[in-house]
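1. Quick one, fold the following:
(one chain, ligands or ions: 2)
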Amino acid sequence: MTNTLAHHYYHQAEVFDFECEQIFRRHWWLVATEAAFATNGDYQAFKLMQWPLLVVRDQRGELRGFYNLCRHRAGPLVDDARGQRRDFVCRYHGWRYACSGELLKTPGFGKGEIANPGAMGLLPIRVACWNGLVFVCLDETAPDLIDWLGDIVGIAAGYDATSDMRFDGDVEKTAQCNWKNYGDNSCEGYHVGMVHRALGSSMLRESVDIDCYDNGQFVGFDVSYGAGKDASRAGRGFWIYKFPGLLLHFAEYAFNAESVFPVAANSIRLQRWFWSHAEKAALHGVDCASIRPNSEKVIDEDIAICERVQINLASGAYPGGLLSTEQEPGTIYFQQLVRTALSDFAEPE
Ligand code: FES
Ligand SMILES: [Fe+2]
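-> Ligands and ions are numbered 1, 2, ... in the order given. The predicted model follows:
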């Protein structure tokens, strides 16, 4: 048995601001699929917490990431979410940058007015790919992506890569809850019987091994179904909640990945990407068509309960509760990671 995190961690703006610097900035974030950058000049722009960013495949074919802001007076380089460009022209006064970030033109500026144009390129961020997924990180000193993923890389090797599957698209959702509230929920199967009745209340209790992995800081649910259980559930499966906000669901014939983007103390944006292997599944008598709608239903149920919990946490009436070592080891682990990351947080007077 362990005590839960105190309620104010879930709704105070001061805590969220601290987390931006101490947690969000220091980790990798899944932001796109590699296939979205098939051609040189393909870009995607997005906001990660308060940071406006963009990822682009430059004219040499290299994937690059930058802050979506101009070195002149912080104008935006692009307003739209995605597209294709030969170069970027700032929307404010028209400074021009190559897709590699180099400053090319500064219309109207006198010759020599910019002493060192070579040092005035776009501000770079880190970009790395794994399994067809594109991640960004704002911290130069953070571990490389593969080290950050830790044991996830080995687990993923036991399943089909995204390059062997068909991409079925992505979806965005928002939820009015704190990112830790969603994380607490995603790290345990204790709620399944009550919240996801259609999933079958026996499923998680009977067939799931939950383990916490320090090498990668994640909670892993081995949901492989033993022979003779429910044939329609199609064999092996492994679900992951990786700190601070990455979910990966590996299954025999499908894969989905989800990013939990904190937006404010009481709101998150979820982005989910889906792949499947319909032909292979059909050979084994499994229909992939229901995987995504079922998954959407489960997420909607999770969002609904987390939003209700958020109201209660923010009410200030919750004196703190208890977590079961038996039922909620993943949530205990997740909250330990949060506590460690926030150990220097100075409580407001
Ligand atoms: S802010 Fe970009 S050109 Fe002025
Ligand atoms: Fe759930």
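2. residues from this protein in reach of ligand 1?
-> Within the chain, the positions adjacent to ligand 1 are 70, 72-75, 90, 92-95 by C-beta under 6 Å from any ligand atom. Placement of C-beta: from N, CA and C, glycine included.
3. mind listing which of the residues you listed are in strands?
-> Among the residues of the chain next to ligand 1, no member falls in strands (DSSP state E).
4. pLDDT for those residues - can I get that in TSV?
-> Compiled in TSV, those are given as follows (pLDDT from 0 to 100):
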residue	pLDDT
Cys70	98
His72	98
Arg73	98
Ala74	98
Gly75	98
Cys90	98
Tyr92	98
His93	98
Gly94	98
Trp95	98
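5. Mind putting those into CSV with neighbour count?
-> Below are those laid out as CSV (neighbours: other C-beta atoms under 10 Å):
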residue, neighbour count
Cys70, 24
His72, 16
Arg73, 10
Ala74, 11
Gly75, 15
Cys90, 21
Tyr92, 14
His93, 14
Gly94, 14
Trp95, 23
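6. which two from those residues end up farthest apart in space?
-> Ala74 and Gly94 (14.4 Å; C-beta to C-beta).
7. residue ranges for the helices of this protein, please.
-> 13-22, 145-149, 152-156, 179-186, 192-195, 201-207, 278-283, 291-314, 329-341 (DSSP state H).
8. Point out the most buried one among those helices.
-> Mean neighbour count (mean count of other C-beta atoms under 10 Å) peaks for helix 179-186 among the helices of the chain, with a mean of 25.
9. domains in the chain, as residue ranges please.
-> Domains of the chain are assigned by automatic domain parsing as 28-138, 152-341.
10. So Lys47 sits against Leu54, correct?
-> No. Lys47 is not in contact with Leu54 according to C-beta atoms under 8 Å; the separation is 10.3 Å.
11. of these two, who's got more company?
-> Neighbour tally, Lys47 and Leu54, criterion other C-beta atoms under 10 Å: the higher count belongs to Leu54, 26 against 12.
12. Quickly list what the more buried one is bridged to.
-> Ala45, Phe66 (DSSP bridges).
13. What residues does it make contact with?
-> Shown in contact with Leu54 (C-beta atoms under 8 Å, 6 or more residues apart in numbering): 43-46, 65-68, 77-78.
14. The nearest residue to Asp144 once chain neighbours are set aside: neighbour count?
-> Spatial nearest neighbour of Asp144, chain neighbours left out: Ala128 (6.9 Å); criterion: C-beta to C-beta, 6 or more residues apart in numbering. Counted with other C-beta under 10 Å, residues neighbouring Ala128 total 17.
15. Kindly report the same for Asn215.
-> Asn215, neighbours per other C-beta under 10 Å, totals 12.
16. Mind telling me which residue of the stretch 151-300 of the chain is nearest ligand 1?
-> Val263 (25.7 Å; C-beta to the nearest ligand atom).
17. pLDDT weak spots in the stretch 151-300 of the chain?
-> Scanning the stretch 151-300 of the chain with the threshold set as pLDDT under 70 gives 200-207, 225-234.
18. Which stretches in it count as strands?
-> Using DSSP state E, counting those that start in this stretch, the strands found in the stretch 151-300 of the chain span residues 166-175, 209-213, 218-222, 237-242, 246-251, 254-264, 267-276.
19. check contacts around the closest residue to Gly183 other than its chain neighbours.
-> Nearest residue to Gly183 in three dimensions, chain neighbours excluded: Phe334, at 5.3 Å (C-beta to C-beta, 6+ apart). Counting by C-beta under 8 Å, 6+ apart, Phe334 makes contact with 180, 183-184, 187, 219, 241, 243.
20. out of the contacts of Leu54, which one sits closest to ligand 1?
-> The closest of the contacts of Leu54 to ligand 1 turns out to be Leu77 (C-beta to the nearest ligand atom; 7.9 Å).
21. Could you count how many residues lie near the residue lying closest to that closest one once chain neighbours are set aside?
-> Closest residue to Leu77 apart from its sequence neighbours, by C-beta to C-beta, 6+ apart: Phe88 at 4.3 Å. Counted with other C-beta under 10 Å, residues neighbouring Phe88 total 24.
22. Can you check what pLDDT the model gives Phe88?
-> For Phe88, the pLDDT comes out at 98.
23. I'd like to know how far it sits from Val56.
-> 8 Å (C-beta to C-beta, to the nearest Å).
24. Please name the residues that touch the residue nearest to Leu270 when sequence neighbours are not counted.
-> Excluding the flanking residues, the one nearest Leu270 by C-beta to C-beta, 6+ apart is Lys173, at 4.5 Å. Taking C-beta under 8 Å, 6+ apart, we find Lys173 in contact with 269-270, 272, 299-300, 303.
25. need the contact list for Ser100.
-> When contacts are counted by C-beta under 8 Å, 6+ apart, Ser100 touches 58-60, 62, 64.
26. swap the cut-off to 6 Å and go again
-> Counting by C-beta atoms under 6 Å, 6 or more residues apart in numbering, Ser100 touches Asp58.
27. Check Cys288 too.
-> 253, 276, 278, 281.
28. Neighbours of the residue lying closest to Leu138 once chain neighbours are set aside, how many?
-> Distances taken as C-beta to C-beta, 6+ apart place Arg25 nearest to Leu138, at 4.9 Å, with adjacent residues excluded. Using other C-beta under 10 Å, Arg25 has 15 neighbouring residues.
29. Going forward, count from 57.
-> Got it, first residue is 57 now, which makes that one Arg81.
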